[in-house]
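**Q** Below are the sequence and a predicted model for it; my questions follow.
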Amino acid sequence: MKKYYLFLLIFVCQSSFAITPELNKACDMVEDIFSNLKAISQNGESASKARLNLIKEDGNQYFALVTETPAPNEFAELGIAEANDYKVNIATTTHVTLFASLFSSQTSNKFTFDYKVDRDKSLELSVPEFKKGESSPEFAGIVVHKTYMCNGKTLLNLDDTLIVGLQLMKVTNWVNIYSKAHTNINPLYSIEVDKSNAALAYNSKKFIEAYRIYGSIIKRKPSDGESYYRMAIMLYKKDVDLKLSKKQRQQLILDYLDMAIDHGSYSIRTCAGNMKYWITC
């Protein structure tokens, strides 16, 4: 899993696309998150507590599910003993709490924090499409360069990637090189995380992995019409080879499209219906 996140970071950092309004909005949202963190680092213990409470109260503004959204645990590397209690990704609120503790309990050490949202290296993530441009990207990967310093010396430089769902404009995943598999998240929420992971796999041409993730989603949520539709497209385009005959593959595609029509959103139902009509006529 750690190698997957490293690949993700390299993939995102090597890609560059024009800034669309949706991507710009996602970058603005991530800018808000990190400006709050920087304010905590600058304002001392009393101001940090006030800002910390504000961030926790307003967390749902930014995150899909504030108590469960996985965030990287980089704090053991920075010398925070409590961080060693967490062996997997931490909840967003825990991330903010540990971050605040680094700056609110300073003695002779002077810690500072800075960041930059890299709009040039942030990008929208495409999903399997039957026809080019039929649906807008559902996720964006926003790249943030972070620096932790102590007494004027750099302790840690990190490149974070925050995966933002563009429909709800909320963070679904937050990773850097200290991320590990998050094993204790709400099953329904994890479906949103899995959809972002499927998009990431698809963008990096790991089609079998993307197809597998969509398949795992419908096992847990059989009414997820979007995943049926994406799997139908991947089968039609022969992105995955299931060793089926032509007739078997077409029947499976039509079965998936029927499920997408029965359970999908309006746009998914429309796209699935058009695809079925084109295939069968």
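**A** Sure, I can see it. Numbering: from 1, shown residues only.
**Q** Could you use CA atoms for every contact and neighbour count after this?
**A** OK.
**Q** Break down the stretch 151-281 of the chain into its strands, ranges please.
**A** Secondary structure of the stretch 151-281 of the chain, counting by DSSP state E, counting those that start in this stretch: strands at 153-165, 170-175.
**Q** quick one: low-confidence ranges for the stretch 101-250 of the chain?
**A** Across the stretch 101-250 of the chain, the ranges flagged by pLDDT under 70 are 105-109, 133-136, 181-190.
**Q** let's see it at 80
**A** 104-109, 126, 131-137, 180-193 (pLDDT under 80).
**Q** what's the closest of the strands of the stretch 151-281 of the chain to Phe207?
**A** strand 153-165 (19.2 Å; C-alpha to C-alpha).
**Q** Which other helices and strands does that closest one contact?
**A** Applying 3 or more C-alpha pairs under 8 Å, 6 or more residues apart in numbering; DSSP states H and E, one finds that strand 153-165 contacts helix 2-13, strand 139-150, strand 170-175.
**Q** Pairing partners for it, with directions?
**A** Its sheet considered, strand 153-165 pairs with strand 139-150 (antiparallel), strand 170-175 (antiparallel) by DSSP bridges.
**Q** What's the per-residue pLDDT of Pro21 here?
**A** For Pro21, the pLDDT comes out at 91.
**Q** Could you do the one 10 residues further on as well?
**A** The predicted structure scores Glu31 at 94 on the pLDDT scale.
**Q** tally of neighbours for it?
**A** 18 (other C-alpha atoms under 10 Å).
**Q** Ala26 too?
**A** Other residues close to Ala26 by other C-alpha under 10 Å number 29.
**Q** That one is in what secondary structure piece?
**A** Element membership for Ala26 (DSSP states H and E) is helix 21-42.
**Q** Flag every buried residue along that helix.
**A** 22-24, 26-27, 29-31, 33-34, 36-42 (16 or more other C-alpha atoms under 10 Å).
**Q** what does stretch 94-107 give?
**A** Quick answer for stretch 94-107 (16+ other C-alpha under 10 Å): Thr94, His95, Val96, Leu98, Phe99, Ala100, Ser101, Leu102, Phe103, Ser104.
**Q** Report the beta-bridge partners for Gly141.
**A** According to DSSP bridges, beta-bridge pairing links Gly141 with Leu123, Ile163.
**Q** Is it correct that it is in contact with Leu162?
**A** Yes. When contacts are counted by C-alpha atoms under 8 Å, Gly141 is listed as touching Leu162 (5.7 Å).
**Q** quick one: which of these two has more around it?
**A** Gly141 (29 against 23).
**Q** Name all residues that make contact with the more buried one.
**A** Val12, Ser122, Leu123, Glu124, Leu125, Thr161, Leu162, Ile163, Val164 (C-alpha atoms under 8 Å, 6 or more residues apart in numbering).
**Q** Going by distance to Glu74, which of those wins?
**A** Thr161 (13.7 Å).
**Q** any idea how far the residue most central in space within the chain lies from Ala39?
**A** By C-alpha atoms, centre = their mean, the mean C-alpha position of the chain lies nearest to Ile163, the distance being 2.8 Å. Using C-alpha to C-alpha, to the nearest Å, one gets 23 Å for the distance from Ile163 to Ala39.
**Q** Could you do Glu82 as well?
**A** Taken as C-alpha to C-alpha, the span from Glu82 to Ala39 is 22 Å.
**Q** Is Ser121 located within a strand, as I assumed?
**A** Not quite, residue 121 is Lys, not Ser. Yes. Assignment of Lys121 by DSSP: H, G, I helix; E, B strand; the rest coil places it within a strand.
**Q** what about it, neighbour count?
**A** Around Lys121 there are 19 other residues, counting by other C-alpha under 10 Å.
**Q** just checking, it touches Val143?
**A** Yes. Assessed by C-alpha under 8 Å, Lys121 is found in contact with Val143 at 6.4 Å.
**Q** how much space is there between Lys237 and Asp258?
**A** For Lys237, the distance to Asp258 equals 18 Å [C-alpha to C-alpha].
**Q** do Thr147 as well
**A** Taken as C-alpha to C-alpha, the span from Thr147 to Asp258 is 50 Å.
**Q** can you give me the helices for this protein?
**A** 2-13, 21-42, 44-57, 92-104, 187-203, 207-220, 225-236, 246-263, 266-280 (DSSP state H).
**Q** Please consider this matter closed, and thank you.
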